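In: Fold the stuff below for me.
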Amino acid sequence: MRWALVKVCLAVTAMVVVAFAVPLGLVVQEMASDRAFSNAERQAATIGPTLSITTDPVQLRKAVESTQMGAARRMAVHVPPIGDSPAVDIGTGWAGEHAVAQTRRIGRATTASVAGGGSALLQPTALGSGDIAVVEIHVPESEVSNGVATAWVVLAGVGLALIVGSVAVADRLGARLVRPAERLADAAHQLGEGRLGARVPEDGPKELRSAAVAFNSMADQVMELLANERELAADLSHRLRTPLTVLRLNAASLGDGPAAEQTRSAVEQLEREVDTIIRTAREQRAPAAPGAGGGAGCDASEVIRDRMGFWSALAEDEGREVRLAGVDRTVRIPVARPELAAALDAMLGNVFRHTPEGTPFAVDVHDAGDAVIVLVSDAGPGIADPDAALRRGNDGGRTGSTGLGLDIVRRVAESTGGDVRLGRSMLGGTEVRVWIALDGRGRGDGDRRSRRKRRGGRPRPRPPAPADR
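Out: Next comes the predicted model:
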């Protein structure tokens, strides 16, 4: 495309240069010729007054020699016979007697070619006797073409400069058009090969900028769709952990025997397969867009009571003491019921998975006005590195964990503008504090300070832990 533009511009400019330069050169040549013959006519007219007074050869010779053309031996005067006086020829003629006779006969100026090069201007002049004398001026070729060669060289130079300049401009314009198109094509190839990070600089002509914007938007949507797909696969796989936990606990109570051992082995194998599915779904996963927890909302107290009905049976089998607080009243939150249930299952599943049997735990719901706080605390060994526990994913260093449980909880909280905090509970183990914002604002320090100012500068009291209730 780039070279096609250059060729088109070269052809167009060449035609324009030829169309203007050739006629202009011819005009310059014609002007030079007219200038030379006009000068010759003026020089021939200088001898006219003398011819109107006398035809004496001596006087005429002196008059001719006194002119510029006569001094340069480029003027001749041909006087016809008058009465008994013979014809008089002053100077050397170039055109020949036939041309002189023809000029005298037609009575107007003529030109004739000279054998040695150049031309001769023959100017008729009336004498006092009524006869016609002819003044001949030699016009050499150098004077006829004076400045013509220079004009052609200048025109050729200007034309060549125009062609070179137009080619250079066409090349730059072609590059400006082609490079964005090449980058767009290259990015499309990269995206087709699976390199989802390929993007196109949004520059160049307006149309290519629009194409780049559309391509980048398409690539972002592709990444978002793939991320959502992986997210869904990972989260759905993680939700299988809840029934797997039940199977594992039930298998542990089967006692000894080949059938019990086979059941436990099958459950362990199934857990490993689920973990593998989750890790595979997380590979190259882009961050999911916020807002996953949006929807019609639900009653947090009702959902917690429902899920605790399920987990309480397992807790009774393992001898765990369960304390539940704050669920005796309706607490509406902007989170869909399935999402809140998945988050609760993730937190409670971690309690059963990572604490010994007989370890008590508690679930507390606190309504803070502009937010709802859900606390899940236990009396287990606690978490040595809370920040690492909140980082999504498992690189293989944490056996039996995919790292998705707390991430599900975190995404549910962040979808409302809240967050998740890990700390030491009043029971001595881990406390998972889920902050679900009701007004869509986050829990940054600036937001907390602004809420405190609206309440008279007093900090909001921290809700008591379940152990205090």
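
In: Do you know the pLDDT at the residue nearest the centre of the chain?
Out: Nearest residue to the geometric centre of the chain (CA atoms, centre = their mean): E202, 1.7 Å. You'll see E202 listed with a pLDDT of 84.

In: same question, D468
Out: 34.

In: and what of R391?
Out: 66.

In: and if you look at T355?
Out: pLDDT at T355 comes out at 90.

In: Low-confidence stretches in the stretch 151-300 of the chain?
Out: Applying pLDDT under 70 to the stretch 151-300 of the chain flags residues 230, 233-239, 241-242, 269, 272-296.

In: returning to that earlier point: leaving out chain neighbours, which residue sits closest to the residue nearest to the centre of the chain?
Out: A212 (4.5 Å; CB to CB, 6 or more residues apart in numbering). Every residue, glycine included, has its C-beta placed from N, CA and C.

In: so the one you found makes contact with A198?
Out: No. With contact defined as CB atoms under 8 Å, A212 does not reach A198; the gap is 11.7 Å.

In: tell me the contacts of the nearest residue to V246 once chain neighbours are set aside?
Out: Excluding the flanking residues, the one nearest V246 by CB to CB, 6+ apart is L314, at 6.5 Å. Contacts for L314 (CB atoms under 8 Å, 6 or more residues apart in numbering) come out as T245, V246, L249, F352.

In: The last one contacts R248, doesn't it?
Out: So that's F352. No. Using CB under 8 Å as the test, F352 is too far from R248 to be in contact (9.0 Å).

In: who's more crowded, those two?
Out: Per other CB atoms under 10 Å, whichever of F352 and R248 has more neighbours is F352, with 21 against 18.

In: for the more buried one, what are its contacts?
Out: Contacts of F352 by CB under 8 Å, 6+ apart are T245, L249, W311, L314, A315, E318.

In: a helix runs through it, doesn't it?
Out: Yes. Assignment of F352 by DSSP: H, G, I helix; E, B strand; the rest coil places it within a helix.

In: any idea of the pLDDT on P23?
Out: 87.

In: Break down the stretch 351-469 of the chain into its strands, ranges please.
Out: 361-367, 371-378, 419-424, 430-437 (DSSP state E, counting those that start in this stretch).

In: Kindly report the same for the chain.
Out: 75-79, 88-90, 110-113, 119-126, 132-139, 298-299, 322-325, 332-333, 361-367, 371-378, 419-424, 430-437 (DSSP state E).

In: Now tabulate the strands of the stretch 351-469 of the chain in a markdown table and tack on distance to V135.
Out: Compiled in a markdown table, those are given as follows (distance: least, CB to CB, whole Å):
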| stretch | distance to V135 |
| --- | --- |
| strand 361-367 | 125 |
| strand 371-378 | 118 |
| strand 419-424 | 113 |
| strand 430-437 | 113 |
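
In: out of those strands, which comes closest to L225?
Out: Closest to L225 of these is strand 419-424 (CB to CB; 26.3 Å).

In: ok, the closest one: who's next to it in the sheet?
Out: strand 430-437 (antiparallel) (DSSP bridges).

In: Residues contacting the strand it pairs with, please?
Out: 300, 333-335, 343, 347, 350, 370-378, 380, 382-383, 406, 409, 412-413, 416-425, 443, 465.

In: circling back: drop anything exposed from the contacts of F352.
Out: Buried residues within the contacts of F352, counting neighbours by 16 or more other CB atoms under 10 Å: T245, L249, W311, L314, A315.

In: and which of the residues you listed is nearest D89?
Out: T245 (137.3 Å).

In: mind checking how far that closest one is from A315?
Out: From T245 across to A315, the span is 12 Å (CB to CB, to the nearest Å).

In: One more: G257?
Out: 26 Å.

In: what does A371 give?
Out: Distance from A371 to A315, by CB to CB: 28 Å.

In: now swap in T150 and tell me
Out: As judged by CB to CB, T150 and A315 stand 109 Å apart.

In: Ok, I163 next?
Out: 90 Å.

In: what's the answer for D186, then?
Out: D186 is 59 Å from A315, by CB to CB.

In: Give me the neighbour count for R176.
Out: 14.

In: Spit out the contact partners of the nearest residue to it once chain neighbours are set aside.
Out: Leaving aside its sequence neighbours, R176 sits nearest to G204 (CB to CB, 6+ apart; 6.2 Å). Applying CB under 8 Å, 6+ apart, one finds that G204 lies in contact with R176, L177, R179, P180, A212.
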